[in-house]
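Engineer: Prediction below, plus the sequence it came from.
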Amino acid sequence: MVQSLHMKITALAVFAVVLCAPLSLFAQPVLPDCPVASGAYYLQGTTWVGMDPSHSTGFKTTNVAGAAFSYGAAKARVKAQFREARSPYQLPDSSFAMCLVGTVDTGRDITLARFQEEKDRRELSMASYRMWTGINAQLDPKVLIPITVEKKGEKIYLVTSKEPLPLGEFILFTIIPDVAAMAKANQASSLGGYDFGNHAK
C-alpha cells in the first residue's frame, strides 16, 4: 500500500516536471533595470553598455537612369550611407535589449531597421522617387524589425525585439526625419540613430 502510494506520488511529480518544462523553455529572461544616467545602452550579457549615436555620412540616389528611361515606371531610390561595414557595438547573441534614458520624450516613434551591408559601408533606403508621382519617403517595410517598447519611468524606455534577430547590422531610430521635405528644399541632411550588429554564430 505504502509502495503503491509512493509510486503514484513519483508519477505525479514526473508529470508536473514534464508539464512545466515547455513553460520554462519559453520563459523570458529577467532583464536588469535600466541605468539611471541619461544615455542609450544595449545589453551585453547582464551588463548595460553605453552607446554613442551614429550619423549618416550622406545620401546617394540610385537607378536615376532607369527611372528616367522607363518614363516614371521604375523608381529611383534615395539611400542614407553610414561609414564602416560593422558597428563597434556587437551583440553576444541574437537577443536584443536596449534602454533609452532621458533621450526621447515618447516611445511611439522608436523604430528598428536592418542595414543593407556593403564592403566598406552600410546603407538604408529612405525614400523612392518616380517622375510622375514624386517622392515617397518611408522605410521599406522589409527592413523593419518588430520590437516591443516599454515605458519604465519618466523618459525611460526599454526596447526589445519580438523575435531573435537575424545576422546583420541594424540601427535604432528614435525619430525619422522628413526626408521628402529635405530633398525638396535641397538641404544638406544627416540621419542619426544607434547602430549595432549581430554576427554571433
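Structural biologist: Here it is on my side, so go on.
Engineer: My guess is L31 contacts M98. True?
Structural biologist: No. Applying Cβ atoms under 8 Å, one finds L31 not in contact with M98, separated by 10.4 Å. For glycine as for every other residue, the C-beta is placed from the backbone atoms N, C-alpha and C.
Engineer: ok, those two, which is more surrounded?
Structural biologist: Comparing L31 with M98 by neighbour count (other Cβ atoms under 10 Å), the higher total belongs to M98, at 25 against 15.
Engineer: Per-residue pLDDT of that one, please?
Structural biologist: For M98, the model assigns a pLDDT of 98.
Engineer: just checking, next helix/strand downstream of whichever helix or strand it is part of?
Structural biologist: Using DSSP states H and E, M98 falls within strand 97-101. Next helix or strand after strand 97-101 toward the C-terminus (DSSP H and E): strand 111-114.
Engineer: Packing partners of that following strand?
Structural biologist: Helices and strands touching strand 111-114, by 3 or more Cβ pairs under 8 Å, 6 or more residues apart in numbering; DSSP states H and E, are strand 168-173.
Engineer: what angle separates the strand it packs on from strand 97-101?
Structural biologist: Angular relation of strand 168-173 and strand 97-101 on a 0 to 180 degree scale: 20 degrees, by axes from the mean of the first three to the mean of the last three Cα atoms, to 10 degrees.
Engineer: Contacts only, for the nearest residue to L112 once chain neighbours are set aside.
Structural biologist: Leaving aside its sequence neighbours, L112 sits nearest to I145 (Cβ to Cβ, 6 or more residues apart in numbering; 4.3 Å). Residues counted as contacts of I145 (Cβ atoms under 8 Å, 6 or more residues apart in numbering) are 112-114, 161, 165, 170.
Engineer: Name the member of those with the most neighbours.
Structural biologist: Ranking the contacts of I145 using other Cβ under 10 Å puts F170 first, with 25 neighbours.
Engineer: For that one, list the residues it contacts.
Structural biologist: By Cβ under 8 Å, 6+ apart, the neighbours of F170 are 112-115, 145, 195-198.
Engineer: Nearest to R83, out of those: which one, please.
Structural biologist: D195 (10.1 Å; Cβ to Cβ).
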